[in-house]
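A.B. asks: Okay, structure incoming, though there's no sequence with it:
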């Protein structure tokens, strides 16, 4: 039977869906999945071996729960609507700049496949297939120029575990604990985003929780005095593991803050109660210093609104049902490097799409066996893995190994050379 490591269930997927939730308080069919009898029996057999609170990074689950792409590629979904923050540096009011950043952040959660799917845990040395997307350069809020600009993205698994642990726990080499770093930049739009993601999963009975540790940092390059806009991540809950329909929920509270301007927002992603409540609800209180100035409300998968507490004015922040996801372009697989995500997992992805579980087992084992061999070699030589694109700071943040020129044209060339080398051909 084909199996896969469960290192954090995640509703993933880049395909735009219409209407995520019906008018009542229950999820519609596009959000849930029901296991057939054979799949249910397999899950029950595995779950019988689990204990409440157990770390799921070391637990094997069947491949039918997998989304056919790596977690590194899933991270690019955060940039489904970057146009929402393009031009934010031209806002004169700190509150408006903060709201533009907040809107971008909230817009990235609605893209996910039916039910509960989990992307592959990336392996050490894997680089999410670097990609670019072409966007319009925003000159101001009222109009935009006709010049196109590239947003460039690179993701990398930067840390898992110490080499010495490879001999005592081979599975930990590629799966525990994963830390993925990412970097997006659009020089012409004066925007840079970086961060790291550290998912940790636990079994809770009829659900699996994934604590999304890490931080998303947005930099408006036209407002260097603003510094970083820091945004945390909500946690994720896969419900219905033992009984009922499987569904993914975002839950708990995370903080968005800009220390230099004094703007902050405590965002609550609300899970549905057993007897009351609704799916996918969100609320938040925006503060300027210690004073509450606004309120966020709505659903993260449909419409979200902002209410100014001084004027009472209510306006729409984002409507996921009407916003197309911006397409992203990667090099063809035959031009990608060996450890780029799409090429690395190509055979596994094809097998899952074809529902060929035997081929999926073979493909996944090949990647993991190579990972173990590399770990043994590093351990024997007494060396540690050196990430290609990122370096760690004393405060635990991962930052790109590059100095970006101030000139947008030179910055774009510099980043392309850093990622792809001198022979970039899309």
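C.D. replies: Arrived safely. Remember, it's a predicted structure, so these values are computed and weren't measured experimentally. Numbering: from 1, shown residues only.

A.B. asks: most remote residue from this protein's center?
C.D. replies: For the chain, the C-alpha farthest from the mean C-alpha position belongs to residue 311; by Cα atoms, centre = their mean, that distance is 35.2 Å.

A.B. asks: For the closest residue to residue 419 other than its chain neighbours, pull up the helix or strand it's in.
C.D. replies: Excluding the flanking residues, the one nearest residue 419 by Cβ to Cβ, 6 or more residues apart in numbering is residue 130, at 4.8 Å. C-beta: built from backbone N, CA, C; applies to glycine. Taking DSSP states H and E as the definition, residue 130 sits inside strand 127-138.

A.B. asks: residue boundaries of the strands in the stretch 101-250 of the chain?
C.D. replies: Assigned by DSSP state E, counting those that start in this stretch, the strands in the stretch 101-250 of the chain fall at 118-120, 127-138, 144-159, 179-186, 191-203, 207-220, 228-231, 235-239, 247-258.

A.B. asks: Now render these as CSV, adding distance to residue 99 and mean neighbour count.
C.D. replies: Shown next, in CSV, are these (distance: least, Cβ to Cβ, whole Å; neighbours: other Cβ atoms under 10 Å):
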stretch, distance to residue 99, mean neighbour count
strand 118-120, 30, 26
strand 127-138, 16, 21
strand 144-159, 19, 19
strand 179-186, 19, 25
strand 191-203, 16, 21
strand 207-220, 12, 21
strand 228-231, 11, 22
strand 235-239, 24, 22
strand 247-258, 10, 20
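
A.B. asks: would you list the ones you listed in a markdown table and tack on mean pLDDT and distance to residue 378?
C.D. replies: As requested, the strands of the stretch 101-250 of the chain are exported to a markdown table (pLDDT from 0 to 100; distance: least, Cβ to Cβ, whole Å):
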| stretch | mean pLDDT | distance to residue 378 |
| --- | --- | --- |
| strand 118-120 | 84 | 22 |
| strand 127-138 | 69 | 18 |
| strand 144-159 | 67 | 13 |
| strand 179-186 | 92 | 17 |
| strand 191-203 | 89 | 22 |
| strand 207-220 | 91 | 25 |
| strand 228-231 | 98 | 33 |
| strand 235-239 | 87 | 32 |
| strand 247-258 | 93 | 35 |
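
A.B. asks: now for those, which one comes closest to residue 104?
C.D. replies: When the strands of the stretch 101-250 of the chain are compared for distance to residue 104 using Cβ to Cβ, the nearest one is strand 207-220, at 7.3 Å.

A.B. asks: Which residues in stretch 83-95 does the neighbour count mark as buried?
C.D. replies: Using 16 or more other Cβ atoms under 10 Å as the test for burial, stretch 83-95 gives 83, 84, 85, 86, 87, 88, 89, 90, 91, 94, 95.

A.B. asks: Centroid-nearest residue for the protein?
C.D. replies: Taking Cα atoms, centre = their mean, the centroid of the chain lies closest to residue 75, which sits 3.2 Å from it.

A.B. asks: any idea how far that residue is from residue 194?
C.D. replies: Per Cβ to Cβ, to the nearest Å, residue 75 is found 11 Å from residue 194.

A.B. asks: So what does residue 404 look like in phi/psi?
C.D. replies: phi -90, psi 120 (degrees, to the nearest 10).

A.B. asks: ok, now residue 359?
C.D. replies: phi -70, psi -30.

A.B. asks: can you pull the contacts of it?
C.D. replies: Residues near residue 359 by Cβ atoms under 8 Å, 6 or more residues apart in numbering: 347, 350, 351.

A.B. asks: Repeat that for residue 130.
C.D. replies: Shown in contact with residue 130 (Cβ under 8 Å, 6+ apart): 152, 153, 154, 155, 330, 331, 340, 419, 420.

A.B. asks: which one of those is nearest residue 321?
C.D. replies: The shortest gap between residue 321 and any of the contacts of residue 130 belongs to residue 153, at 25.3 Å (Cβ to Cβ).

A.B. asks: Surely the closest one touches residue 129?
C.D. replies: No: with contact defined as Cβ atoms under 8 Å, residue 153 and residue 129 do not form a contacting pair (9.4 Å).

A.B. asks: Phi and psi next, for residue 77.
C.D. replies: Backbone torsions for residue 77, taken as degrees, to the nearest 10, come to phi -70, psi -20.

A.B. asks: Please work out how many residues are found near the residue nearest to it when sequence neighbours are not counted.
C.D. replies: Excluding its sequence neighbours, the residue lying closest to residue 77 (Cβ to Cβ, 6+ apart) is residue 111, at 5.0 Å. The tally of other residues near residue 111 (other Cβ atoms under 10 Å) stands at 22.

A.B. asks: for residue 361, same thing?
C.D. replies: 17.

A.B. asks: follow-up on the earlier one: mutual contacts of residue 75 and residue 194, please.
C.D. replies: Residues touching both residue 75 and residue 194 by Cβ under 8 Å, 6+ apart: residue 182.

A.B. asks: could you pull out the strands for the stretch 251-400 of the chain?
C.D. replies: Using DSSP E, counting those that start in this stretch, the strands assigned to the stretch 251-400 of the chain run over residues 263-270, 281-288, 291-299, 303-308, 314-319, 329-330, 390-392, 398-400.

A.B. asks: Let me know the angle separating the first one from strand 281-288.
C.D. replies: It stands for strand 263-270. Interaxial angle, strand 263-270 versus strand 281-288 (axes from the mean of the first three to the mean of the last three Cα atoms, to 10 degrees): 170 degrees.

A.B. asks: partners of strand 263-270, with directions?
C.D. replies: Strand pairing for strand 263-270, determined by DSSP bridges: strand 247-258 (antiparallel), strand 281-288 (antiparallel).

A.B. asks: distance between it and the chain's centre?
C.D. replies: Between the centre of strand 263-270 and the centre of its chain there are 18 Å (Cα atoms, centre = their mean, to the nearest Å).
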